[in-house]
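Undergrad: Test case, fold it:
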Amino acid sequence: MAQDPKPNLARIIYDAYPHADLLPVDPDKDCRSLQNLLKKVTADDIGDGLFRFLIVEIVEGGESTLDGAIRVLEQAKKDVDAVLQALRRNEHQTTEKWKCPDCGQSVNCSYNNLAEAGIPYCADCDMEMERP
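TA: I've put the predicted structure just below:
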């Protein structure tokens with residue numbers, strides 16, 4: 001009984017990648033194997049860091065195997081999700097609290113105001129406020 005041939009992971013990844021047609025990759029030449037694709041994405045500036053990351057992770061962390069590729073991409077998905085959740089938690093946090101070191105008066109100052117006017121001053125003491 002003949003064994004099933006190993007899947008061509010390079011071609012699977014390339015074909016599945018959104019907008020792969022915009023990559024400077026020749027699928028017939030560069031996707032013959034993961035090693036060929038790894039050479040392409042590490043030797044040339046392909047202009048897509050995510051695609052490069054995927055290939056490097058699958059080859060190095062996933063040992064160029066289907067099971068390894070799934071494992072490292074599942075972990076990458078968890079890592080990206082953790083960062084995304086942190087960004088979402090802070091999405092609407094647009095102000096910082098500032099407090100006068102002398103009288104204790106506090107104000108909330110938006111990031112836009114900080115960028116335009118700088119550190120707030122206490123209206124009563126005319127002192128520069130600090131973050132508590």
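
Undergrad: What residues does residue 47 make contact with?
TA: 23-24 (CB atoms under 8 Å, 6 or more residues apart in numbering). To be clear about C-beta, it is placed using only N, CA and C from the backbone, and glycine gets the same treatment.

Undergrad: where does this structure dip in pLDDT?
TA: Applying pLDDT under 70 to the chain flags the ranges 1-4, 91-93.

Undergrad: ranges for the strands of it?
TA: 95-99, 106-110 (DSSP state E).

Undergrad: Turn these into JSON lines, columns for mean neighbour count.
TA: Listed next are these as JSON lines, based on neighbours: other CB atoms under 10 Å:
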{"stretch": "strand 95-99", "mean neighbour count": "15"}
{"stretch": "strand 106-110", "mean neighbour count": "14"}
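
Undergrad: could these be laid out in CSV, adding distance to residue 132?
TA: Shown next, in CSV, are those (distance: least, CB to CB, whole Å):
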stretch, distance to residue 132
strand 95-99, 5
strand 106-110, 7
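
Undergrad: Out of those, the one nearest residue 36 is which?
TA: Nearest to residue 36 among those is strand 95-99 (50.6 Å), distances taken as CB to CB.

Undergrad: Outside of the closest one itself, list whatever touches it.
TA: Looking at what lies outside strand 95-99 - CB under 8 Å, 6+ apart - the contacts are 105-111, 114, 119-120, 129-132.

Undergrad: Same check on stretch 124-132?
TA: 96-103, 105-107, 119-122.

Undergrad: buried ones in stretch 44-61?
TA: 46, 48, 51-52, 54-55, 57-59 (16 or more other CB atoms under 10 Å).

Undergrad: Apologies, that question was intended for stretch 66-73.
TA: For stretch 66-73, by 16+ other CB under 10 Å, it's 68-69, 71-73.

Undergrad: Please identify which pair of the buried residues of stretch 44-61 lies farthest apart.
TA: Maximum pairwise distance among the buried residues of stretch 44-61 (CB to CB): 16.3 Å, between 48 and 59.
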